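Enquirer: With the input below, show me the fold.
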Amino acid sequence: MDQHEVVSLGICEQRELLARGTVSAQQLIEETLDKIDAAEELGAFTRVLREEAKAAAVERDRERAAGGAVGPLHGIPIAVKDEYDVAGVVTTFGTRANSTPAAADAEMVRRLRAAGAIIIGKTAMSEFGQWPFTESTTFGTTRNPWSPAHSPGGSSGGSAAAVAAGLVPAAIGGDGGGSIRIPSACCGLFGLKPQRGRVPMAPNKHLWGALGVAGPLTRGVLDSAVVYDVLRGSSPTDRFKAPDPAISFEAAAREPARPLRIGYSMKPSASLVKLDPIHARAVRETAALLQDLGHTVVETDPDYPDSTSAFFPQFYASVRAEVAEMDHPELVERRTRQTAALGVWARDRIVEWAIRRGETLAHRVDQIFTEYDLLLTPTIAMRPPLLGVLDGVNTIRAQLASLPMVAYTALWNVTGHPAAALPAGIGEDGLPLSVQLVGPANGETTILPVAAQLEQARPYPRLHA
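Expert: Purely as a prediction, here's the structure:
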């Protein structure tokens, strides 16, 4: 096999080739770096850890040659969104306002390395992850590999672009309102937002209050499950902790899907949002496919609560807190300064009320899952937009532009439920289609078998290597 083709394979495929000795970690990393260099115009990376990755590859090959046990990600290159600490590297949050390198790895990065992964670089994001478009005045614009004139979504757009272009088999993203699922939808990827508290946030106690979670973007369900089995499990400092699942995520992704009762709906949880008909069609076609696969599928009209009062205090307070931690807060974007100013009212007492409000809303939406095992919806309301959405706009206009992107995703950040974006083909515009599967509390292992079943019945589209 051509070494260049190996780079474009998924985790499980790369892992098999590394185990057989068909390719070495050093060869894989050299080819990965070459491909990243050739795709520089995508703007997927804020920092490529070239020498560090090469040194790690030498060590991985030495460890394998020694004949000892190796981890599930041994020799696999993985990228990390630039809001998580990698030792010796500045955590930029998509801004020029930070300049001090991180003293140590974030806990999830430590776990990736312990599993044998090689951290290849940091990926682009909108400033402080505020927007579902990956555009910043510091690092410029990230492009969608399916169409460079279009956005890859955000805020984990750099991670999505890197995986969709076949530069890495997985990249870690963050999701505080849809920021794993939205770029997955725009770039034809599988992106599971886990249950709140599933993945450790250390050294931080939380990410955006109760809203934010972390996890991988991948080109397939099984690859996602493999990474999650490395990452999952809370750390002592985490404010939110999810109970351990009965089976591993990988086992769930491999097991046959049992017949479930699945509700589907086009209804957004946000008002004043118009759904693009192509997304409605993707949901209906997926519902029909699920019916053919043996599930009971019923159209439903969920009684979604208004989550605005729970979401915005946490959004505003978190952006203000992150700005305050910067070395040079005066260097943040004008739009971010406006966000921080507008959120001056979001004090600790109000944020704590908002978190409790979110827990109340979670109990309300739990009623959906007394009737259905899973809920099928669109992932985003609009098609991936052309680049330049944020050009010259203030924070209010940016929030209005973001609404069609988050109308189906943000509620599940407020409530903490797991939800996944699944590729659903290619639209007439040549860009990917996506649907969302939402599960009950701690229901990732209910989502994964069905997602894998759909992937097998309707293979995910991929760009050519």
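
Enquirer: centroid residue for this structure?
Expert: For the chain, the residue sitting closest to the mean C-alpha position, by CA atoms, centre = their mean, is residue 180 at 2.3 Å.

Enquirer: Now do it against residue 236, distance only.
Expert: According to CB to CB, to the nearest Å, residue 180 and residue 236 sit 25 Å apart. Yep, even glycine has a C-beta here, placed from its N, CA and C like the rest.

Enquirer: Could you check the pLDDT of residue 143?
Expert: Confidence at residue 143, expressed as pLDDT, is 98.

Enquirer: Let me know whether it touches residue 158 as I believe.
Expert: No - contact status for residue 143 versus residue 158: not in contact, 10.2 Å apart, counting by CB atoms under 8 Å.

Enquirer: pretty sure residue 173 is in a strand, no?
Expert: Yes - remark: residue 173 belongs to a strand, assigned using DSSP: H, G, I helix; E, B strand; the rest coil.

Enquirer: OK, contacts around the nearest residue to it once chain neighbours are set aside?
Expert: Nearest residue to residue 173, sequence neighbours excluded (CB to CB, 6 or more residues apart in numbering): residue 156, at 3.1 Å. Neighbouring residues of residue 156 by CB atoms under 8 Å, 6 or more residues apart in numbering: 81, 123, 125, 129, 134, 171, 173-175, 179-180, 183, 217.

Enquirer: Distance to residue 462 and pLDDT added to these, as TSV?
Expert: Shown next, in TSV, are the contacts of residue 156 (distance: CB to CB, whole Å; pLDDT from 0 to 100):
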residue	distance to residue 462	pLDDT
81	22	98
123	19	98
125	24	98
129	27	98
134	21	98
171	16	99
173	19	98
174	24	98
175	23	98
179	22	98
180	19	98
183	16	98
217	14	98
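
Enquirer: wait, which of those residues is closest to residue 25?
Expert: Nearest to residue 25 out of the contacts of residue 156 is residue 171 (CB to CB; 18.2 Å).

Enquirer: May I ask which helix or strand encompasses residue 227?
Expert: helix 221-231 (DSSP states H and E).

Enquirer: I misspoke; the intended subject was residue 408.
Expert: Using DSSP H and E, no helix or strand contains residue 408.

Enquirer: oh, and call the first residue 14 from now on, that's how I've got it
Expert: Renumbered: residue one is now 14, and that last one reads residue 421.

Enquirer: what does the model give it for pLDDT?
Expert: Note on residue 421: pLDDT of 98.

Enquirer: correct me, but it touches residue 390?
Expert: Yes - under the criterion of CB under 8 Å, residue 421 makes contact with residue 390 at 5.2 Å.

Enquirer: tell me the phi and psi of the most far-flung residue of the chain relative to its centre?
Expert: Distance from the C-alpha centroid of the chain, by CA atoms, centre = their mean, peaks at residue 79 (35.3 Å). Residue 79 adopts backbone torsions of phi -70, psi -20, taken as degrees, to the nearest 10.

Enquirer: same thing with the one 4 residues further on?
Expert: Main-chain dihedrals, residue 83, degrees, to the nearest 10: phi -120, psi 160.

Enquirer: The helix holding residue 240 - what's its average pLDDT?
Expert: Mean pLDDT, helix 234-244: 98.

Enquirer: which residues are in contact with it?
Expert: Taking CB under 8 Å, 6+ apart as the rule, helix 234-244 contacts 23-25, 84-86, 91, 121, 124-125, 128, 130, 182-183, 203-205, 207, 211-213, 227-229, 231, 261-263, 265-267, 457, 461, 464-465, 468.

Enquirer: how far out from the middle of the chain is it?
Expert: 13 Å (CA atoms, centre = their mean, to the nearest Å).

Enquirer: likewise stretch 41-58?
Expert: Relative to its parent chain, stretch 41-58 has a centroid offset of 20 Å by CA atoms, centre = their mean.

Enquirer: Now do the buried residues in it.
Expert: Of the residues in stretch 41-58, 41-46, 48-49, 52, 55-58 count as buried by neighbour count, 16 or more other CB atoms under 10 Å.

Enquirer: Tell me which of those fall in strands.
Expert: Of the buried residues of stretch 41-58, the ones assigned to strands by DSSP state E are residue 58.

Enquirer: how about the buried residues of stretch 41-58, which pair is most distant?
Expert: Spatially, the most separated pair among those is 41 and 56, at 23.3 Å (CB to CB).

Enquirer: Report the set of residues contacting both of residue 421 and residue 390.
Expert: residue 449.

Enquirer: Bridge partners for residue 432, pull those for me.
Expert: Per DSSP bridges, the residues bridged to residue 432 are residue 206, residue 451.

Enquirer: since we're on it, how many residues are nearby?
Expert: By other CB atoms under 10 Å, 30 other residues sit near residue 432.

Enquirer: That one against residue 425, yeah?
Expert: Yes - look at residue 432 against residue 425 with CB under 8 Å: they come within range, at 4.5 Å.

Enquirer: what do those two both touch?
Expert: Shared contacts of residue 432 and residue 425, counting by CB under 8 Å, 6+ apart, come down to 206, 451.

Enquirer: so what's residue 424 closest to, chain neighbours aside?
Expert: Once flanking residues are discounted, residue 424 sits nearest to residue 282: 4.0 Å by CB to CB, 6+ apart.

Enquirer: got the contact list for that neighbour?
Expert: 317, 320, 420, 421, 423, 424.

Enquirer: and of those residues, the nearest to residue 178?
Expert: Looking across the contacts of residue 282 and measuring by CB to CB, the closest to residue 178 is residue 421, at 25.4 Å.

Enquirer: re earlier: would you double-check that the residue nearest to residue 424 falls in a helix?
Expert: No - Residue 282: not assigned to a helix; according to three-state DSSP it is coil.

Enquirer: In terms of secondary structure, what does the helix or strand that residue 349 is a member of contact?
Expert: Using DSSP H and E, residue 349 sits in helix 347-355. Applying 3 or more CB pairs under 8 Å, 6 or more residues apart in numbering; DSSP states H and E, one finds that helix 347-355 makes contact with helix 321-337, helix 408-419.

Enquirer: Please identify the most buried of those helices.
Expert: Stretch with highest mean neighbour count among the helices and strands packed on helix 347-355: helix 321-337 (a mean of 21; mean count of other CB atoms under 10 Å).

Enquirer: I'd like the average pLDDT over it.
Expert: 97.

Enquirer: Hmm, residue 283 and residue 416 touching each other?
Expert: Yes - at 6.0 Å, residue 416 counts as touching residue 283 under the criterion of CB under 8 Å.
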